[in-house]
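# Generate a structure from the sequence data that follows.
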Amino acid sequence: MIFPLLVASLILNFSAVDGGRGEALAGGWQPIKDPKDPLVQEIGKFAVTEHNKEAKTNLIYESVIKGETQVVAGTNYRLIISATDGITSGRYQAVVWDKPWEHFRKLTSFKKI
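Below you'll find the predicted structure:
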């Protein structure tokens, strides 16, 4: 008898958290609506600059093509970035962890796709 009540309680609690509209809860990836947003572009530039420092490369940032955000202790940005090595353009996936209230931003991954 207690188990069905526990399950029902959990379902109602999760429904209340997202307002019952089926929206993703914190922790899920959500698409970025406008990759041309100045903040998104700034984070894309940051990703390329940090990658260049870490990998001793000279990629030149072009643009953010698309991306997703994830609410954590701050925000993770998973971006598809266009960058060139001066000869050919390529696409890269970067993940940047941003906590603006702490003035903290860190590149956590960067790879060619």
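
# Confirm that Lys45 sits in a helix.
Yes - when DSSP: H, G, I helix; E, B strand; the rest coil is applied, Lys45 is found to be in a helix.

# Check whether it really touches Tyr61, as I assumed.
Yes - A contact is recorded between Lys45 and Tyr61 when judged using CB atoms under 8 Å, the distance being 4.9 Å. (Each C-beta comes from the backbone N, C-alpha and C, glycine too.)

# Pick out the residue closest to the middle of this structure.
Nearest to the geometric centre of the chain sits Tyr77, at 1.8 Å (CA atoms, centre = their mean).

# ok, what's across the strand from it?
Following DSSP bridges, Tyr77 is listed with bridge partners Thr69, Val96.

# Report the contact partners of it.
Shown here is Tyr77, whose contacts under the criterion CB atoms under 8 Å, 6 or more residues apart in numbering are Ile32, Val40, Ile43, Gly67, Glu68, Thr69, Ala94, Val95, Val96, Trp97, Asp98.

# For burial, what's the neighbour tally of the second one?
Using other CB atoms under 10 Å, Val40 is surrounded by 20 other residues.

# Can you tell me which helix or strand of this protein has the lowest average pLDDT?
Among the secondary structure pieces of the chain, namely its helices and strands, helix 2-17 has the lowest mean (mean pLDDT, DSSP states H and E), a mean of 40.

# Just after that one, pick out the following helix or strand.
Note on helix 2-17: by DSSP states H and E, the next helix or strand toward the C-terminus is strand 29-31.

# That following strand - which strands sit beside it in the sheet, and in what orientation?
Partner strands and pairing direction for strand 29-31 (DSSP bridges) are strand 60-72 (antiparallel).

# Not counting the partner strand itself, show me its contacts.
Against strand 60-72 from outside (CB under 8 Å, 6+ apart): 26-32, 35-36, 40-41, 43-45, 48-49, 75-86, 89, 91, 97.
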